[in-house]
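Engineer: Next one to model:
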Amino acid sequence: MRLERGRRACLAITLNILAFAFAVAAVMTSYWCEGTRKVAKPFCTGPVQGKQWFCIRFNSTDINDTRLVQYIFETGEEKFLMRKFHTGIFYSCEQAADMNGFDCRDFSEIAPEHEKGVLWLCIFAETLYLSLLFTGGVMMTLEQCPCFSIMNKLKLSAFAAMCTVLSGLCGMLAPMMFTTIFQLSVAIGPEDWRPKTWDYSWSYALAWSSFGSCMGSAVTVLNRYTKTIIEFKYKRRNVEKNMTVKQKMVELDLPDQMWDMYLTAVPADPEAQLEQNGHKPSTGTMYAVKSIDVPEPQGEAYC
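Structural biologist: Next up is the predicted model:
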């Protein structure tokens, strides 16, 4: 039984650590959503350096000479670029004009002004999620310390279960709020940011994986706590039943040996066991035991 409890405790702690690691990785990265933006190619500047596909160059190198007629050969879709971008809770990054590297800015600058409260609620929910998840993991670890009594371990288990369940609720709300604010930004956000195509990315998957691991840890902790409470109640009920039987024997003025015989498991050959102890009761004593209406000690072996 102790081995099984130890395995459940290790499973709960492992799931808690996984949930915390996934959540930290999701918050620190900016790949919750990614996609592409359709933008017009800028005009090429500087000296001629061969064919530059990411900008538009005139047919003449002297762009300051107004006497020359300048021609642009790009037409249709050739005049546009598809820049990649990725967005997280804190930052949104887009490919630079020369298509090398990314330029990042705060996502709070992109979110609509009258909807920024949803973004701050998302950040607050994610922060609370990490705090409660860390607190629950610390309590689960302290519960395994042998210096605490059984009752203190039960209290720690109860608080760990409560913190983990509450953190799971916050871990579910944060990605949903981010989805809401991102879709609002796509619909009514600034013109220089609105994407043409987008989809959820691996950071978003990490956030939901963290939520799943957190709920698994919470279920495991609640299962351990509930099973321990049920076992304690079962043992307490058996002890109270044994005390009631002893009280009845005291009222009937029976010797204490009857109580000892009731609590001790009866061997296959009772007379041989009594002879080994040097006390072989008479036939009358045995009939006195048989004549008492004593309930069978059912379930004593489980204690």
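
Engineer: Is it correct that G136 is in contact with N16?
Structural biologist: Yes - taking contacts as CB atoms under 8 Å, G136 lies within contact range of N16: 6.2 Å. Where you see a C-beta, it was placed from the backbone N, CA and C, and this is true even at glycine.

Engineer: got any residues that touch both of the two?
Structural biologist: Here G136 and N16 have T164, S217 as joint contacts, going by CB atoms under 8 Å, 6 or more residues apart in numbering.

Engineer: Now do the longest helix anywhere in the chain: which elements does it pack against?
Structural biologist: Scanning the chain for the helix with the most residues, using DSSP state H, yields helix 202-251. If contacts are counted by 3 or more CB pairs under 8 Å, 6 or more residues apart in numbering; DSSP states H and E, helix 202-251 sits against helix 2-28, helix 116-143, helix 150-188, helix 256-263.

Engineer: avg pLDDT for the first one?
Structural biologist: Going back to what we said before, that points to helix 2-28. When pLDDT is averaged along helix 2-28, the result is 87.

Engineer: likewise the last one?
Structural biologist: Helix 256-263 shows a mean pLDDT of 49 in the predicted model.

Engineer: how about low-confidence regions in the stretch 51-200 of the chain?
Structural biologist: The model of the stretch 51-200 of the chain has pLDDT under 70 over residues 51-54, 56-78.

Engineer: Are we agreed that W198 is in a helix?
Structural biologist: No - assessed with DSSP: H, G, I helix; E, B strand; the rest coil, W198 is strand; it does not lie in a helix.

Engineer: how much space between it and M177?
Structural biologist: Distance of W198 to M177, given as CB to CB, to the nearest Å: 17 Å.

Engineer: Repeat that for T228.
Structural biologist: From T228 across to M177, the span is 36 Å (CB to CB).

Engineer: So which of these two has more stuff around it?
Structural biologist: M177 (20 against 15; other CB atoms under 10 Å).

Engineer: For the more buried one, give me its contacts.
Structural biologist: Contacts of M177 (CB under 8 Å, 6+ apart): V118, L119, L121, C122, A125.

Engineer: mind running it again at 10 Å?
Structural biologist: Contacts were defined as CB atoms under 10 Å, 6 or more residues apart in numbering; by that measure M177 touches I89, G117, V118, L119, W120, L121, C122, I123, F124, A125, E126.

Engineer: thought the second one was touching L184?
Structural biologist: No - between G117 and L184 no contact is recorded; they are 11.3 Å apart, counting by CB atoms under 10 Å.
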